[in-house]
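[1] all I have is the shape, not the residue letters:
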């Protein structure tokens, strides 16, 4: 019991780290997309003649 529990600990921890990295990357991508859209809208507003 103790052996299986000891081996299960690190594995679950590694999985948690992987999920955390994936979520972090997803957040970065979404932030980049949002910032890109904002930059595009700003460029359109600045380029449009007033």
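    Looks like it arrived, so ask away. Only a predicted model underlies this, so the values are computations on that prediction, with no experimental measurement involved. Residues are numbered from 1 along each chain as shown.

[2] residue 39 and residue 23, how far apart?
    25 Å (CB to CB, to the nearest Å). Any C-beta I mention is one placed from the backbone N, CA and C, and that applies to glycine too.

[3] wait, residue 30
    Distance from residue 30 to residue 23, by CB to CB: 11 Å.

[4] report the distance from the helix or strand encompassing residue 24 to the chain centre.
    Using DSSP states H and E, the element containing residue 24 is helix 2-47. Remark: helix 2-47 is offset 2 Å from the chain centroid, using CA atoms, centre = their mean, to the nearest Å.

[5] helices or strands up against that helix?
    Using 3 or more CB pairs under 8 Å, 6 or more residues apart in numbering; DSSP states H and E as the contact criterion, no helix or strand is in contact with helix 2-47.

[6] I'd like the average pLDDT over that helix.
    Across helix 2-47, pLDDT averages out at 81.

[7] start at 202 instead
    In the new count, where the first residue is 202, that last one comes out as helix 203-248.

[8] what about residue 240, how many neighbours?
    10 (other CB atoms under 10 Å).

[9] one more: residue 236?
    10.

[10] likewise residue 221?
    10.

[11] next one: it from residue 214, what distance?
    Residue 221 is 11 Å from residue 214, where distance means CB to CB.

[12] same thing with residue 224?
    Residue 224 is 16 Å from residue 214, by CB to CB.

[13] now residue 233
    For residue 233, the distance to residue 214 - CB to CB - is 29 Å.
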